[in-house]
Each structure stands twice: as C-alpha cells, then as structure tokens.
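Participant: Got a predicted structure here, sequence first:
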Amino acid sequence: MKFTETGMKNFNRIVSLTIVLLSGIQLAQAETVLITGANRGIGLEFSKQYAAKGWTVIATHRRTETPDSLNELLTTYPDTVIIERMDVADLAMIDAVAQKHRGQPIDILINNAAIVGALSYMQQQIFGQLDHDLFDPFMHTNVRGPLKISEAFLKNVKSSTLKRIVMVSSLAGSISSGPGKRPGRIYYKTSKAALNMATTTIATATKDDGIIVVVLHPGGVKVEKLKEFDLPDFIEPEESISGMMRVIAELTPAQSGAFLDYKGKILPW
Ligand SMILES: NC(=O)c1ccc[n+]([C@@H]2O[C@H](COP(=O)([O-])OP(=O)(O)OC[C@H]3O[C@@H](n4cnc5c(N)ncnc54)[C@H](OP(=O)(O)O)[C@@H]3O)[C@@H](O)[C@H]2O)c1
C-alpha cells in the first residue's frame, strides 16, 4: 500500500497526538504523597501502601542516618521512593526540604509524625507531677510541625491534582469524647486538641484554593512498639492505613475541616 504525502502527514499527526495523550495520562497517574515520620509505625505503613500502589512517595524521617526500614523501601521501589531527612520540630530543615521540592506537585501531604509518648512519658504527664519541660517538645512537634509543613508545602499541594492535607491526630484530642476525658497524657491530648483546631482553621483558609484539609484518627493501632502488649481493641497497621487511604481517596470539598476516623465516621470535637 502506498501513502500519499497528505496521508503521511496525517499519520504523523495522529502518532504525535497519541504520544502527547499517553504521556498526559501517565502524568495524571503519577500521584505524589509526602509523609512525615515515615520510618516506623503508621507513617511507614502509609509509605509502604502508597508505594505499592505505584505512587511517588516522599518519605521523611528525622534520624541522622537513613533508617533501615526506609532503605528497604527504597530498594523495593528505587524509581518512586524519595527519602528526605526532615525533623518536623526544625523550621529551617522544613524550609530546606520544601525549597528542594519547589515546583513538585504533592497530591497528598500527610502530617503523621508526632511525639506519642504512650510508653516513655506516662508519669510526667499526670496532673500534680507534670514535667513542664515536656510541654514545648510536644507542642513544637505535634502542632507547630504540621502547621509549618502545611505552609511550607502549600504551593506543592495547590499545584497538584488531588490537593489534600491530612493531619494524623487522635480521638485523644477530642474534648467531648471518652479518651479526651480520661486523666493523664495531658501534653499529648492538649497537642492533638490544638492540632484539631489548627486544622479547621487551615481548612477555612485554603477553601478557595480547592484544598481539602482533614483530621484523621487512625484507631488504636498495634504499631511495632505496642506489639508485645495485650490490646484487644487495637487493630493492625494494614487495616488502619488501608482504611485511611480509602477515606482520603473519597474525600469531597464539602468535608474539608472534618474530623474522621479510619472508617470515615465523623468524630466529636
Ligand atoms: N498508634 C496508635 O494507636 C495511634 C492512635 C491515635 C493516633 N496516632 C497518631 O498516629 C501518628 C503516628 O503514630 P505511631 O503510632 O505510628 O507512632 P510511633 O510508632 O511512635 O511513630 C512516630 C513517628 O513520628 C516520628 N517523629 C517523632 N518526632 C519527630 C520529629 N520531631 N520529626 C520527625 N519525625 C518525628 C518518629 O520518628 P523516630 O523513629 O525518629 O522517633 C516516628 O517515625 C501520630 O500522630 C499519633 O499521634 C496513633
């Protein structure tokens, strides 16, 4: 079969158009998530599950050496996992990482890192014997960190397709619920209540940009450090994180500012 000159030109046009369309589809699928505190616990499970789905994962940690858990993840997904050192209590380090990723759209920003202190700081958080030196570290890490990171990476989120900011908080920060009313863990609970308020305020501030900002409670999750304890109501990380990923994927703009659990249930403030 012979091609005329016009026929050849049209054929070339169709090929070029197909290439442009296909690369467009590929770009649309190349979604990116940034996760803080990604080296263990809930943050590591988020990193594993998003990486397994083919996402670009910017996994951040605060250690001086890259943790083994993240090196393993990088070995499994060398093309899509990026590891960054980012101490969420260090404002300059946050700015430096944000500067490095300037122009990179981030579809989902997950502020997960926190001082939990469930095992290490129990006695020091009991009213009457409070260690007041712990107040600042809890607040800097659990509240100022997510606030600063959300500001520093706002343009990245704004320029993405999905535009989501997730604060991993806790029902322990709920003033009206059971856990919030129990004694003890004052610094942790206060920091999570403050994070919840910060989140609703960020949600209002970013509404016009089409950004969806939510607070998520992961449930009681049997992360590595809790494995040895008998916690019948706690769930495995796989269940909590796959649940939260489903909730995040299905969020609508009307839900911005909401406080949800890993099943998508609305929680009391
Ligand atoms: N597990 C649960 O049952 C549960 C329940 C409700 C809410 N949550 C929330 O879920 C989130 C993750 O909890 P988890 O159970 O996975 O806790 P985890 O096992 O204690 O892990 C905490 C993570 O945060 C990181 N981190 C702490 N301070 C940091 C800082 N200044 N800069 C960067 N990273 C820092 C830790 O890094 P290092 O390894 O360097 O310490 C670690 O990667 C927290 O926000 C927590 O409040 C957990």
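Facilitator: On my side now, so go ahead. Numbers count the residues shown, from 1 in each chain.
Participant: low pLDDT regions in this protein?
Facilitator: 1-29 (pLDDT under 70).
Participant: near the ligand, which residues of it?
Facilitator: Within the chain, the positions near the ligand by Cβ under 6 Å from any ligand atom are 36-37, 39-43, 62-63, 87-89, 112-116, 141, 168, 170, 217-218, 220-221, 223, 225. Every residue, glycine included, has its C-beta placed from N, CA and C.
Participant: In stretch 230-247, which residues are buried?
Facilitator: In terms of neighbour count (16 or more other Cβ atoms under 10 Å), stretch 230-247 has its buried residues at 234, 235, 237, 239, 240, 241, 243, 244, 245, 247.
Participant: Verify the contact between the first one and residue 222 for me.
Facilitator: Looking back up the chat, that one is residue 234. Yes. Using Cβ atoms under 8 Å, residue 234 makes contact with residue 222 at a distance of 4.6 Å.
Participant: now the residues of the chain next to the ligand: which count as buried?
Facilitator: 36-37, 39, 41-43, 62, 87-89, 112-116, 141, 168, 170, 217-218, 220-221, 223.
Participant: Which residues are in contact with the residue lying closest to residue 56 once chain neighbours are set aside?
Facilitator: Among residues not flanking residue 56 along the chain, residue 32 sits closest, at 4.2 Å (Cβ to Cβ, 6 or more residues apart in numbering). When the contact criterion is Cβ atoms under 8 Å, 6 or more residues apart in numbering, the partners of residue 32 are 55, 56, 57, 58, 104, 105, 106, 107, 108, 160.
Participant: Show me what the third one bridges to in the sheet.
Facilitator: When bridges are taken as DSSP bridges, the partners of residue 57 come out as residue 33, residue 81.
Participant: So which residue is dead centre in the chain?
Facilitator: For the chain, the residue lying nearest the average C-alpha position, counting by Cα atoms, centre = their mean, turns out to be residue 110 (1.1 Å).
Participant: Please work out which residue of the stretch 1-150 of the chain is closest to the ligand.
Facilitator: Going by Cβ to the nearest ligand atom, the ligand is nearest to residue 41 of the stretch 1-150 of the chain, at 2.2 Å.
Participant: Tell me where the protein has strands.
Facilitator: Using DSSP state E, the strands of the chain run over 32-35, 56-61, 81-85, 108-111, 164-168, 212-217, 259-261.
Participant: Which stretch among those is buried most, on average?
Facilitator: strand 108-111 (a mean of 28; mean count of other Cβ atoms under 10 Å).
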